[in-house]
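Student: next come a sequence and a model predicted from it.
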Amino acid sequence: MPRLPAVRVLAVAVLCAAGPPALTACGSGQEARPAAASPSAAAASRPAAPRTPAAPTAPAAPAGLTAAQAQAALLTEDDLGVPWEPTEGAATWRDGILKARTGAGTAPDCQRLVDALYADQPLGAPTGTYAVTGFDDGDDRAQLRHQVLTLRPADVDRTLAWLRTLPRTCARFTAATTRAGEQTVRVSDLALPALGDARQGLRITFTGPRDSADGADGADGRDSGGRDDDGDGTDTTALTLDVVAVRVGGDALTLTDGAPGELPSDATLTAAQLGVERLTAARDGTRAQA
């Protein structure tokens, strides 16, 4: 049998000895196969998954008033003029009339309103910066309270929307007061100019027997409206209360102005306009000029 030339056998041997590791079939007579890729190499060869974009960051809420700014935003005696003076304490009608329970069958919102009036929190309890002042009008036995507070705008707008429903929901209801007996309560809109970013005004009157009104406000023989009482026991207005709430950006103010009998609405509106000017100036870091 013819023998392979020695040179050809030697060439094959050299190839198997010196070839790359991928040639694993040498000496077995099998066809060479490429080695499997390592897991890390396979992973490197796969295209990267698209990255999910990060959710946009909500803009930071504007900073509320500082304590000094809130104080600067409050009305002063000079703003209101005569006969207003710094208050000497809560008016007698606050405990005598506003501390009350609504009658059976009355909408729950009406009790919520009465509670808010008694607590002097038309916009709810303050959660941020807060300042308050009060003034008395000795001529009409009126008392005005002015508050400046920082609340979330959405919370203020939600409460303002609720206040707007009250002239319909609570147009008329009865309430048993602490010292003025049973009173008929009427709630109506108080027209306001375009103040701030959002606003609502209410006028609330409490009407009941003349003698019960005396027990609430300490009257001295004159009826609550300033007219001589003829003693026939007819109903009279024990209290008129104006309530104003205004949002200016992320801050708000409330005004409550109440008096036995009649209450001129222009006093409340003037105070509201001045209050908004003060608050706007305080937010700008300046003091409004009286």
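Tutor: Great, that's in hand.
Student: only C-alpha atoms from now on, for both contacts and neighbour counts.
Tutor: Noted.
Student: against which helices or strands is the helix or strand harbouring A68 packed?
Tutor: Using DSSP states H and E, A68 maps to helix 67-72. Packing partners of helix 67-72 (3 or more Cα pairs under 8 Å, 6 or more residues apart in numbering; DSSP states H and E): strand 130-137, helix 265-283.
Student: residues near T234, how many?
Tutor: T234 has 11 neighbouring residues, counting by other Cα atoms under 10 Å.
Student: if I look at it, how far off is G208?
Tutor: For T234, the distance to G208 equals 8 Å [Cα to Cα, to the nearest Å].
Student: kindly report the same for V185.
Tutor: Distance, V185 to G208, by Cα to Cα: 9 Å.
Student: same thing with A176?
Tutor: From A176 to G208 the distance is 10 Å (Cα to Cα).
Student: those two - which one has more neighbours?
Tutor: Higher neighbour count among A176 and G208: G208, with 21 against 17, using other Cα under 10 Å.
Student: any idea of the mean pLDDT in whatever helix or strand that one lives in?
Tutor: In this structure, G208 is located in strand 198-209 according to DSSP H and E. For strand 198-209, mean pLDDT is 96.
Student: residues contacting the closest residue to D136 other than its chain neighbours?
Tutor: Among residues not flanking D136 along the chain, Q143 sits closest, at 4.6 Å (Cα to Cα, 6 or more residues apart in numbering). Applying Cα atoms under 8 Å, 6 or more residues apart in numbering to Q143 gives the contacts T87, A91, G134, F135, D136, D137, D257, G258, A259.
Student: cool, and P153?
Tutor: Applying Cα under 8 Å, 6+ apart to P153 gives the contacts R247, G249, G250, D251.
Student: what's the closest of those to L241?
Tutor: Nearest to L241 out of those is R247 (Cα to Cα; 20.2 Å).
Student: ok, which stretches of the protein are helices?
Tutor: Assigned by DSSP state H, the chain shows helices spanning 6-18, 39-45, 67-72, 77-80, 92-93, 108-119, 153-169, 210-217, 265-283.
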